[in-house]
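>>> Sequence first, predicted coordinates after that:
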There are 2 protein chains.
Amino acid sequence: MRFLIIGGSDAGISAALRARQLDDAADVTLLLKDDYPNYSICGLPFLVSGETPEPSMLAHRTRAELLAAGIRIRTGTTATRIDPQARTVTTVNPAGHEDILEYDACLVATGAESLRPPIEGLHLPGVFTMRWMEDGLAIREFIEKREPRSAVIVGSGYIGLEMADALTRRGIKVFLAGRSPSVLKTVDEDMGSLIAQELVRHGVSIFSGVAVESIQQEGSGLLVLGRGVEAYGDMVLVATGATPSTDLAQGAGASLGAGKAIAVNQRMETGVPGLYAAGDCVETYHRLLGKTVYLPLGTTAHKQGRIAGENAVGGDAHYAGTLGTQAVKVFDLVIARTGLNDHDATLHSVPARSVDVECTDHKAYYPGATPMHVRITGNPQTGALLGAQIVGSRRAEVAKRVDICAAAIHAGQRVDELTAMDLSYTPPLSSPWDPVQVAAQAWCDKLS
Amino acid sequence: MRFLIIGGSDAGISAALRARQLDDAADVTLLLKDDYPNYSICGLPFLVSGETPEPSMLAHRTRAELLAAGIRIRTGTTATRIDPQARTVTTVNPAGHEDILEYDACLVATGAESLRPPIEGLHLPGVFTMRWMEDGLAIREFIEKREPRSAVIVGSGYIGLEMADALTRRGIKVFLAGRSPSVLKTVDEDMGSLIAQELVRHGVSIFSGVAVESIQQEGSGLLVLGRGVEAYGDMVLVATGATPSTDLAQGAGASLGAGKAIAVNQRMETGVPGLYAAGDCVETYHRLLGKTVYLPLGTTAHKQGRIAGENAVGGDAHYAGTLGTQAVKVFDLVIARTGLNDHDATLHSVPARSVDVECTDHKAYYPGATPMHVRITGNPQTGALLGAQIVGSRRAEVAKRVDICAAAIHAGQRVDELTAMDLSYTPPLSSPWDPVQVAAQAWCDKLS
């Protein structure tokens, strides 16, 4: 059984490992455009900041470990065409040599590319995007060689925020220019304003609700211009999102779905016989909405890849769905969210009401208690828990508190059921009612 | 409507607050033996260690806040008899003055007393137990006046471990003598050995599997003697568990249930008309076992009190059940557990299999990653998630990771469903598969 995987990032590697785990006779081959199999692209900001000193540290596994798992790896190999009738993939290497590989099952795990918004001057030297190892290495090299003193980041999503932290850590003055009215639009506005405070406290200047139109050379640096923004930086990072890489799958007859990503079912099948797709290139089933969305995340790519790998070797696994659970550390703050926030609920016409509480992460009488802002969103008609957002100190177990809610939402629990759960307590770490339960109680009280 | 509550610790106060919240016409009166309404007895070790400098800081709420909520408080008032026919409670104050109070609903929230095991010499000066404010204050005073250089702690449960930490922090050499073969018998033995290592690393000496038989005066200090132990300390703390305070309820006709605690249903009713009971004095419904056990915990007391308070004023709330979720910090380590461990499963004849994994709390390439030991227990026949135990650094979000499992168990999830949950990830805080999911996958792999 020949399983050919196009792409060696999270989804591709997860599929390869799972297939080999379940079927040690399977011939599993991984095709990689670049030379970095199984690298954590989520770690690139830390490579730039210097917190992760060596690029090689970003490998989830070494190449030797992958080979030991029985996975064949072809680096510098670009797949140019899939022929689903013949079940072949045509590849080309950097020298221009073509090759044709046969498969029984093929996984398209081509990921996504950085969105290139309609801004003039994206081609200028000193303008970067951030998605793949090459991007991270290029930024790192630029910083080391050119010693920029200022940077403009276009985009105030996860990557923009992490890079604001990373560049500030390198002594670079950061201007953050975002289109949405608050930073990190995946959380509601008042949570965003708490993050903005943290950024400003660390010297970042923020332009919100702006539309960047052009980037121009100005002396040795760059001018970023547009509606509501006029900023100068020695470098510019454009971090405005991702667009799925679908050409190869489309060429093989796969359809596109949500967000113009490859349409797949919960078995990660494209509908083209023998052709699977997973990761940042596909649409993602949303467990709460009961429909697909485009929500490319590393966690999802791992899960979908594993499922594709299992099914490719004859299994029957189904992707259980995303809740859009995300966490990010920005300086000393952690922001995490799961499920639907007010904005999501409005967008998808789900009845929702949110309640906010402020409390400390643990009993105030024990040293080190820090304030925590918790928002719980529920469906006022059914009582269902829909979402949670928390902002708090990086030492306050914010992310795993959101995960308690993610587990509850995954299992279809109501808000009042969250308050009844037997969660852990010791004064240095929590309170007899965990902050998420305090918020859930407040939600129930407000509703009644 | 007159709601009389006997006991002003977690269950009593929660009931009073809930009753007043739902019915602001209710006449809610709280009877307190001591003078410390609504004090966090879980905070006593930190009062002893000095981390919490002032006893008043241990109040969850000030007396003024309780009064502002419309709760009447009678301190120094001991209830001596409940007459359920007449619906009266007889009280006595320190001066010996008797009083008779009428009620429509009465809650017995008398808590528990420190277990006094059959050890000779428990009455000697310098021998302490630890349950109520008076105990904490007495130990603190002894340390300040007598400056003990060594202490023997009898019992290696939560309180014993927290006090070993607290006394060591005060510069006192601690000998810990426990009956079970490993410390903290609420976790499995190999987890206990990780805790023992942490204790020893901080200078605590441990005697395990011993039976203390007597305590004798020896010069200005005390000798602790028994099978497998012969230890000298300037003070001794006996922390061998708790025994429910049931006399008052029994006198009123209430029955005893599991652990000789007051029998109650999930509405926290004793069966005696108008008489509720909650907190450390009652048996507790175990959600996984489907039967009652004796498992006195602050979190449970809060929940049960709230339910009793709601029902006392005409509500219909039901206690959802405990999972025995607990967390404790011992020096720089956190140990947390939920559900059934191997020992529990054997005891209650539940089919169970456990799998252990060691991994880091977050991606190793980001600074500060620490090892984490995770054990997942599941039912091999049904696939149901039964329990989780984690030992890791206090900065590793150990407690809230166990709570993810607690939420999943509460909702009746299977082990494989835990692996499918959309949990948060960012390299400084986790991995694409959270450690609990890595363990859950290992469990599923081992089973198949």
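Okay, I see it.

>>> Check whether A:Val224 sits in a helix, strand or coil.
Following DSSP: H, G, I helix; E, B strand; the rest coil, the label given to A:Val224 is strand.

>>> quick one: it and A:Ser150 touch, right?
No. Taking contacts as CB atoms under 8 Å, A:Val224 lies outside contact range of A:Ser150: 10.8 Å. No exception for glycine: its C-beta is placed from N, CA and C like everyone else's.

>>> Name the residues contacting each of the two.
Common contacts of A:Val224 and A:Ser150, defined by CB atoms under 8 Å, 6 or more residues apart in numbering or on different chains, comprise A:175, A:232-233.

>>> how about the residue nearest to A:Gly12 when sequence neighbours are not counted, what does it touch?
Among residues not flanking A:Gly12 along the chain, A:Ala109 sits closest, at 3.8 Å (CB to CB, 6 or more residues apart in numbering or on different chains). Residues in contact with A:Ala109 (CB under 8 Å, 6+ apart) are A:5-9, A:11-12, A:15, A:277-279, A:281, A:301, A:305, A:308.

>>> Quick one, which of the residues you listed are buried?
A:5-9, A:11-12, A:15, A:277-279, A:281, A:301, A:305, A:308 (16 or more other CB atoms under 10 Å in any protein chain shown).

>>> How about the most centrally placed residue in chain A, nearest residue that isn't a chain neighbour?
Closest to where the C-alpha atoms of chain A average out (CA atoms, centre = their mean) is A:Leu297, at 3.3 Å. Nearest non-adjacent residue to A:Leu297, counting by CB to CB, 6+ apart: A:Gln326, 6.7 Å away.

>>> coming back round to it: just list the residues touching the residue nearest to the centre of chain A, thanks.
So A:Leu297 contacts A:322, A:324, A:326, B:425 (CB under 8 Å, 6+ apart).

>>> just A:Val210 next, same as before
With CB under 8 Å, 6+ apart, A:Val210 has these contacts: A:177-179, A:226-229.

>>> Show me which pair in those residues is furthest apart.
A:Gly178 and A:Arg227 (12.5 Å; CB to CB).

>>> Give me the phi and psi angles of A:Ala177.
In terms of degrees, to the nearest 10, the main-chain angles of A:Ala177 are phi -120, psi 110.

>>> And A:Ala164, by the same measure?
According to degrees, to the nearest 10, A:Ala164 has phi -60, psi -40.

>>> how close does it sit to chain B?
To chain B, A:Ala164 is 15 Å away according to CB to the nearest CB, to the nearest Å.

>>> tell me the contacts of that residue?
Per CB under 8 Å, 6+ apart, neighbours of A:Ala164: A:153, A:174, A:176, A:199, A:204, A:330.

>>> Relative to A:Ser214, which of those is nearest.
Using CB to CB, those come closest to A:Ser214 at A:Ile153, 16.1 Å.

>>> neighbours around that closest one, how many?
Using other CB atoms under 10 Å in any protein chain shown, the number of residues around A:Ile153 comes to 29.

>>> swap in A:Ala320?
Count around A:Ala320 with other CB under 10 Å applied: 18.

>>> so what's the nearest residue to it once chain neighbours are set aside scoring on pLDDT?
Nearest residue to A:Ala320, sequence neighbours excluded (CB to CB, 6+ apart): B:Ala420, at 3.8 Å. For B:Ala420, the pLDDT comes out at 98.

>>> gap between B:Ala420 and A:Ile307?
Look at B:Ala420 and A:Ile307: by CB to CB, to the nearest Å, they are 9 Å apart.

>>> which neighbours do those two share?
Common contacts of B:Ala420 and A:Ile307, defined by CB under 8 Å, 6+ apart, comprise A:Tyr319.

>>> more crowded one of these two?
A:Ile307 (27 against 21).

>>> sorry, back to before: more neighbours, A:Val224 and A:Ser150?
A:Val224 (28 against 18).
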